[in-house]
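[1] Sequence and predicted model, in that order:
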Amino acid sequence: MKTTLKLATLLATLALAACGGGGDDDTTPDAGGSGGGGGGGGATTLSCNTANYTAGSVSVATSADLAAYAGTFDGDEGSFDANFTFVKSGSASFVLSASGAATYKGAALTITSYCVDNTAGPFGKLMYVEFAGGHFDISTTDAGSDLRWAWGVTPTGGFFRNGVKR
């Protein structure tokens, strides 16, 4: 169990390290947003916690970004064993609406940060959607096997990957 916890911590750290680290908090709201959280209805105030990324690498998502990245992503939920082999425990769906509301396995998520890469990386420009206990990274293109269009750390600390956009 201790090895699994260390592995989960390592993988979560690597996932965030791939996004970067450091910077300032950008809470500039999107011009079209006002009030509300990411888990409920209504308009969403968009902000990006840039402190979690390399300085200057991300910016706050816009309404246009939300529309481009929104969708239902069906994928695999599981963990990694001591050999870094993914062990699927079930199927799951992550939904991000164009308004910014999000659910995982049908449960509403309260999104705390919506960031978008400033420059394209190996998987294009990614959107990073953060919530208490986890995050999802979303691409507008297929990032290939093991990742696909969406992946991340689930609200329960497990891993979501192979998120195929419907």
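    Right, received. Where do you want to start?
[2] Help me confirm that residue 52 comes into contact with residue 113.
    Yes: counting by Cβ atoms under 8 Å, residue 52 does reach residue 113; the two are 7.3 Å apart. From N, CA and C alone the C-beta is placed, and that goes for glycine too.
[3] more crowded one of these two?
    Of the pair residue 52 and residue 113, residue 113 is the one with more neighbours under other Cβ atoms under 10 Å, namely 24 against 19.
[4] can you tell me which residues contact the more buried one?
    Contact analysis of residue 113 by Cβ atoms under 8 Å, 6 or more residues apart in numbering lists 47-49, 52, 128-130.
[5] Quick check: beta-bridge partners of it?
    Residue 113 forms beta bridges with residue 130, as assigned by DSSP bridges.
[6] Check the gap between residue 67 and residue 127 for me.
    Distance, residue 67 to residue 127, using Cβ to Cβ, to the nearest Å: 11 Å.
[7] who's more crowded, these two?
    Between residue 67 and residue 127, counted using other Cβ under 10 Å, residue 127 has the larger neighbour count: 23 against 11.
[8] show me where this protein has strands.
    58-60, 71-80, 86-96, 102-104, 107-109, 111-117, 126-131, 134-139, 150-153, 159-165 (DSSP state E).
[9] Describe which strands the first one pairs with in its sheet and in which direction.
    By that I understand strand 58-60. Partners of strand 58-60 in its sheet, by DSSP bridges: strand 111-117 (antiparallel).
[10] if I pick the residue positioned nearest the centre of the chain, what's in contact with it?
    By Cα atoms, centre = their mean, the chain has its centre lying nearest to residue 136, at 1.7 Å. By Cβ under 8 Å, 6+ apart, the contact set of residue 136 is 94, 96, 102, 128-129, 150-152, 160, 163.
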